[in-house]
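Undergrad: kindly return the folded structure for what I paste below:
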Amino acid sequence: MAKLKIFKDNNTALEIPSADGYINVTKNLILMATNYDYFKAENHKAERPSLLTTHAGYDEGNTKLKIYHELEAGGSAEIIDDNCMIDVTEDKKKPNGNDKSKFHIAFPPDRPVSVGYLKPYVQVLGSILFDPNVPDGDERLERACQFLFGMMLLTRCR
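TA: Now for the predicted structure:
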């Protein structure tokens, strides 16, 4: 199962998640109704990779952020409309109260022996929550929530 990632300074070697990138995707794609509807529309399927990159926006250093996908052989490659297809599937809701609940849980193909791969995301989350440059605690908490949502949406971290 492919993961989409946004790296700080577009540095795929260090693989430090970009707080701004994930937050921007949440704010610009998910929380803006017109962008959300446009992205979901089937007739825009071919341009979803470039749309997603556009919504990733810029980081605090004014670097235009890129979206990357993991390669089977290892490493990452920037997504573009020609090398990536993004399907949008909606979560299923229970049609009526008489049906059994049904859940789809995406398990990794191989059982992880450690969850240490989540450390960079936890570190970024901590830097957002304790950022001395953002004195408003509610704003830091909102940015942390936006980062988590964007990270979970794109990386399917589990």
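Undergrad: ok, longest helix in the chain?
TA: helix 137-155 (DSSP state H).
Undergrad: who touches that one?
TA: When contacts are defined by Cβ atoms under 8 Å, 6 or more residues apart in numbering, helix 137-155 is touched by residues 3-6, 17, 19, 21-27, 30, 67, 121, 124-125, 128-131, 134, 157. (Glycine included, C-beta is placed from N, CA and C.)
Undergrad: isn't there a helix covering residue 77?
TA: No. Residue 77 is assigned strand when assessed by DSSP: H, G, I helix; E, B strand; the rest coil, not a helix.
Undergrad: spatially nearest residue to it (excluding sequence neighbours)?
TA: Leaving aside its chain neighbours, residue 77 sits nearest to residue 71 (5.7 Å; criterion: Cβ to Cβ, 6 or more residues apart in numbering).
Undergrad: need phi/psi at the one you found.
TA: phi -100, psi 140 (degrees, to the nearest 10).
Undergrad: any idea how far it lies from residue 4?
TA: 12 Å (Cβ to Cβ, to the nearest Å).
Undergrad: and if you look at residue 133?
TA: Distance from residue 133 to residue 4, by Cβ to Cβ: 28 Å.
Undergrad: so if I had to pick from these two, which one is more boxed in?
TA: Using other Cβ atoms under 10 Å as the criterion, residue 133 and residue 4 rank with residue 4 on top: 21 against 6.
Undergrad: burial of the nearest residue to the more buried one once chain neighbours are set aside, as a residue count?
TA: Here the nearest residue to residue 4 in space, its sequence neighbours aside, is residue 154; by Cβ to Cβ, 6+ apart that works out to 4.2 Å. Residues near residue 154, counting by other Cβ under 10 Å, number 22.
Undergrad: check residue 77 too.
TA: Neighbours around residue 77, by other Cβ under 10 Å: 13.
Undergrad: give the bridge partners for it, please.
TA: residue 69 (DSSP bridges).
Undergrad: now do the contacts for it.
TA: Here residue 77 is in contact with 68, 69, 71, 83 (criterion: Cβ under 8 Å, 6+ apart).
Undergrad: perfect, I'm done here.
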